[in-house]
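A.B. asks: Predicted structure and sequence below. I'll ask about it afterward.
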Amino acid sequence: MGSKASKPARKLARTPPAWAGARTPGVGEQAPPPRPAMPQASETKSEAIERDSKDPHFLANLNKLGPVKVDHHMQTIRPAAEHAQRLFQARLRSENEARSARPPRNHLLAASLLDLLEERKYAAKPQDLQELAKKYDIDVDKVERLVRYVNSVSIPQDSVKRWVDDEGVERVTMMATWINPPIEQDKPLLGSS
């Protein structure tokens, strides 16, 4: 506390401490001779390299670790170049499919898929489903797997409600339903028990 003037000034020693300059030779002394440089690398094993490789502490630590355990459940890491190659191949396949007059088997355009799903709603017997699959060039089992999760929109006419709001805008609401073909009415729906 107080001003700087009231504090005693720090006094430095006039003579250097005894340990100062212990590593550097004095004016009259001579530096110790440098050690001969060992070669960093060699094409053949020399005696110096053999001596260097016989580190007992390093060998003891390696023996403590034991043999390497390899985890065989690891997945290989695919480099980005392989991913890019697959991407280019998929694009090339897609372009070739787009050029052809008819899409390949089990590939449908969105409009064709919608038509297939609509026609499927009116299938009365299993033969009708097989004919649909043949018409759209798709496997029946693929269609059956697809329709477990996807269907076309079906709107019953009695669910459509129309009204005009306060601002004079016509509003329409409707209820969409999931319709299965008549042959599947007795099958349980997905997610139900």
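C.D. replies: All right, it came through fine. Small disclaimer: the values here were computed from a predicted structure and weren't measured.

A.B. asks: Now the phi/psi pair for the nearest residue to Thr173 once chain neighbours are set aside, please.
C.D. replies: Leaving aside its sequence neighbours, Thr173 sits nearest to Lys161 (CB to CB, 6 or more residues apart in numbering; 4.9 Å). C-betas here are computed from N, CA, C, even on glycine. Here is the backbone geometry of Lys161 (degrees, to the nearest 10): phi -120, psi 130.

A.B. asks: now Ser154
C.D. replies: phi -130, psi 130.

A.B. asks: Surely it touches Thr177?
C.D. replies: Yes. With contacts defined as CB atoms under 8 Å, Ser154 counts as touching Thr177 at a distance of 5.1 Å.

A.B. asks: just to revisit the earlier point, what separation do you get for the residue nearest to Thr173 and Met174?
C.D. replies: 7 Å (CB to CB, to the nearest Å).

A.B. asks: who's more crowded, the two?
C.D. replies: Using other CB atoms under 10 Å, the more surrounded residue of Lys161 and Met174 is Met174, with 14 against 10.

A.B. asks: residues in contact with that one?
C.D. replies: With contact set as CB atoms under 8 Å, 6 or more residues apart in numbering, Met174 has these partners: 155, 159-161.

A.B. asks: ranges for the helices of the chain?
C.D. replies: 47-53, 56-65, 80-99, 110-120, 126-135, 140-146 (DSSP state H).

A.B. asks: Rebuild the ones you listed as CSV, extending it with mean pLDDT.
C.D. replies: Output for those, formatted as CSV (pLDDT from 0 to 100):
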stretch, mean pLDDT
helix 47-53, 79
helix 56-65, 85
helix 80-99, 87
helix 110-120, 91
helix 126-135, 91
helix 140-146, 91
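
A.B. asks: Including distance to His73, could these go into TSV?
C.D. replies: Shown next, in TSV, are these (distance: least, CB to CB, whole Å):
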stretch	distance to His73
helix 47-53	35
helix 56-65	21
helix 80-99	21
helix 110-120	39
helix 126-135	40
helix 140-146	30
